[in-house]
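# Dropping a prediction and its sequence here:
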Amino acid sequence: MPLKESKKELKAVFDNISDGVMFLDNDGTIKLYNRAFKDMLSIDEDLTGKEIYSLSPDNPVRKGILWSEKGFKGPYCWERHKCADDLQCRGKSTDFCRCWLFRKCSAAGSSFATCLECPQYKNVKHFLEKSKEVEIGDKIISVLSSFVEFDKKDEMWEVIVFRDVTSDKLDAVVKLANAAAHELRQPLQIITSSVDLAKGKIPENSEVSNLFKVIKEGCFRLN
């Protein structure tokens with residue numbers, strides 16, 4: 001099969017994946033993304049070739065990626081490598097945990113031959129490979145990363161998968177509500193039945209009878 005036709009088939013498969021998929025190179029540049037990614041995040045501009053942290057703060061792609069970093073507990077790259085206070089590294093003034101984006105200005109290179117050997121990279125990679133949920137607009141998006149590593153070139157590409165889990169979350173809420181309602185109705189039915197049985201033995205308009213009436217009305221409201 002000619003190479004041109006193979007590329008067309010691969011692109012067709014890539015664009016028909018239901019999850020949004022985006023590729024970042026080790027400089028944080030957006031290299032590729034599919035149609036589902038564009039539709040899910042309502043992207044109306046071409047992001048190919050743009051560096052992820054150069055996007056505007058309200059850009060949904062930047063939001064999704066940065067919010068997924070918020071749960072990182074550290075240590076951060078500059079903390080692990082004890083970078084000097086006067087080092088001009090944008091990583092020091094942010095909560096960005098993707099340490100390889102700052103390797104040009106960090107002290108990591110003096111300790112390890114490559115980023116792939118550095119424990120900081122392994123720590124961040126382990127964190128990003130766990131699924132995290134972020135709210136983007138009216139959607140709940142699951143964000144998960146995986147990595148393609150090129151040992152000989154000391155490079156890695158990050159593959160970020162975005163999955164719309166909004167309907168799954170709503171379904172879970174409905175199921176929880178149904179389960180809670182079922183658990184609540186059983187004791188309510190027992191209470192109202194017991195009240196009906198006891199009322200026959202209590203004088204009308206007595207204090208206890210009025211209390212039973214309040215209990216029964218309350219049970220009906222809860223039900």
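It's in.

# Tell me which stretches of the chain form helices.
Assigned helices in the chain, in chain order: 3-15, 35-40, 60-69, 77-80, 119-128, 166-199, 207-222 (criterion: DSSP state H).

# if we compare these, which one ends up closest to residue 140?
Residue 140 lies closest to helix 166-199 among those, at 4.8 Å (Cβ to Cβ). Where C-beta positions appear, they are placed from N, C-alpha and C, glycine not excepted.

# other SSEs contacting that closest one?
strand 139-150, helix 207-222 (3 or more Cβ pairs under 8 Å, 6 or more residues apart in numbering; DSSP states H and E).

# Pull out the buried residues from that helix.
Within helix 166-199, the residues scored as buried using 16 or more other Cβ atoms under 10 Å are 166, 188, 192, 195.

# So which of the helices and strands packed on helix 166-199 is the most surrounded?
strand 139-150 (a mean of 17; mean count of other Cβ atoms under 10 Å).

# neighbouring contacts of it?
40-41, 64-65, 67-68, 116, 125, 128-135, 155-166, 169 (Cβ atoms under 8 Å, 6 or more residues apart in numbering).

# and it, average pLDDT?
Strand 139-150 shows a mean pLDDT of 91.

# which residues does the residue nearest to residue 216 when sequence neighbours are not counted contact?
Leaving aside its sequence neighbours, residue 216 sits nearest to residue 195 (Cβ to Cβ, 6 or more residues apart in numbering; 5.1 Å). Contacts for residue 195 (Cβ under 8 Å, 6+ apart) come out as 212, 215, 216, 219.

# Distance check, residue 195 against residue 133.
Distance, residue 195 to residue 133, by Cβ to Cβ, to the nearest Å: 45 Å.

# before we move on, the earlier item: so which two of the buried residues of helix 166-199 are the farthest from each other?
Based on Cβ to Cβ, the longest span within the buried residues of helix 166-199 runs between 166 and 195 and measures 42.6 Å.

# Export the helices of the chain to a markdown table and append columns for mean pLDDT.
Converted to a markdown table, the helices of the chain look like this (pLDDT from 0 to 100):
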| stretch | mean pLDDT |
| --- | --- |
| helix 3-15 | 73 |
| helix 35-40 | 91 |
| helix 60-69 | 84 |
| helix 77-80 | 82 |
| helix 119-128 | 91 |
| helix 166-199 | 76 |
| helix 207-222 | 81 |
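
# Could you list everything the residue nearest the centre of the chain pairs with in the sheet?
For the chain, the residue nearest the mean C-alpha position is residue 133 (2.0 Å; Cα atoms, centre = their mean). Legend: beta-bridge partners of residue 133 under DSSP bridges are residue 142.

# Do you know the pLDDT at it?
Per-residue confidence at residue 133 stands at 88 (pLDDT).

# Equivalent analysis for residue 20, please.
At residue 20, pLDDT is 92.

# hmm, back to that, so the residue nearest to the centre of the chain touches residue 165, yeah?
Yes: between residue 133 and residue 165 there is a contact under Cβ atoms under 8 Å: 6.6 Å.

# contacting residues around residue 28?
51, 52, 53, 98, 101.

# backbone phi and psi for it, please?
phi 80, psi 20 (degrees, to the nearest 10).

# Now do it against residue 192, distance only.
From residue 28 to residue 192 the distance is 63 Å (Cβ to Cβ).

# now swap in residue 176 and tell me
Residue 176 is 24 Å from residue 192, by Cβ to Cβ.

# who's in contact with residue 154?
114, 115, 116.

# Is it possible to get those residues out as JSON lines so that each row also shows neighbour count, distance to residue 140 and pLDDT?
Shown next, in JSON lines, are these (neighbours: other Cβ atoms under 10 Å; distance: Cβ to Cβ, whole Å; pLDDT from 0 to 100):
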{"residue": "114", "neighbour count": "17", "distance to residue 140": "37", "pLDDT": "78"}
{"residue": "115", "neighbour count": "20", "distance to residue 140": "32", "pLDDT": "82"}
{"residue": "116", "neighbour count": "19", "distance to residue 140": "33", "pLDDT": "85"}
